[in-house]
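J.: Pasted the sequence and its predicted model underneath.
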Amino acid sequence: YFSRLTPCLANVIPAMDLIDEKLTTYSLDHNYTPSICAAVSLAQHMLNKYYQLTDSSHTYRIAMILHPCHKFNYFLKVKWELEWINTA
């Protein structure tokens, strides 16, 4: 997601979604010790806190809508509610 020297604002939400997906998978994997699963769950909780903060800024959604690769397709792909998409 951030392979360039300057990260793109439009990639913040997709990157957070990918990290959240991975953390969910790891927290439910019983091959890890309970302490590792608990630590991953705490990391996911912290990520969700910052993800919710993006709701207070229109900048992230505007950047994604204006980005030629994302537009509204990303929101539809990850199954955002239509009300959320319309708000974006």
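T.: That came in fine, so what should we check first?
J.: Over to the residue located most distally from the centre of the chain: give its phi and psi.
T.: Most distant from the centre of the chain: Thr33, at 25.6 Å, with distances by C-alpha atoms, centre = their mean. For Thr33, the backbone dihedrals (degrees, to the nearest 10) come out as phi -70, psi 160.
J.: What confidence value was assigned to it?
T.: Per-residue pLDDT puts Thr33 at 91.
J.: So it versus His45, what's the distance?
T.: Using C-beta to C-beta, to the nearest Å, one obtains 19 Å as the distance from Thr33 to His45. (C-beta placed from N, C-alpha, C; glycine too.)
J.: And His67, by the same measure?
T.: 28 Å.
J.: neighbour-wise, which of the two wins?
T.: Each of His67 and His45 has its neighbours counted (other C-beta atoms under 10 Å); His67 has more, 15 against 10.
J.: How about the contacts made by the closest residue to that one other than its chain neighbours?
T.: Excluding the flanking residues, the one nearest His67 by C-beta to C-beta, 6 or more residues apart in numbering is Ala10, at 3.7 Å. Ala10 sits next to 60, 63-64, 66-67, 69-70 when contact means C-beta atoms under 8 Å, 6 or more residues apart in numbering.
J.: Out of those residues, which comes closest to Asn86?
T.: Using C-beta to C-beta, Met64 comes nearest to Asn86 of the contacts of Ala10, at 14.4 Å.
J.: In this structure that closest one contacts Ala15, no?
T.: No. Met64 lies out of contact with Ala15 (C-beta atoms under 8 Å); the separation is 11.6 Å.
J.: neighbour count winner among these two?
T.: Using other C-beta under 10 Å, the more surrounded residue of Met64 and Ala15 is Met64, with 23 against 13.
J.: what's the pLDDT at the more buried one?
T.: You'll see Met64 listed with a pLDDT of 81.
J.: switch to numbering from 183
T.: I'll keep to 183 as the first residue from here, and by that count the last item is Met246.
J.: and the residue nearest to His249, how far is that from Met246?
T.: Distance, Ala192 to Met246, using C-beta to C-beta: 5 Å.
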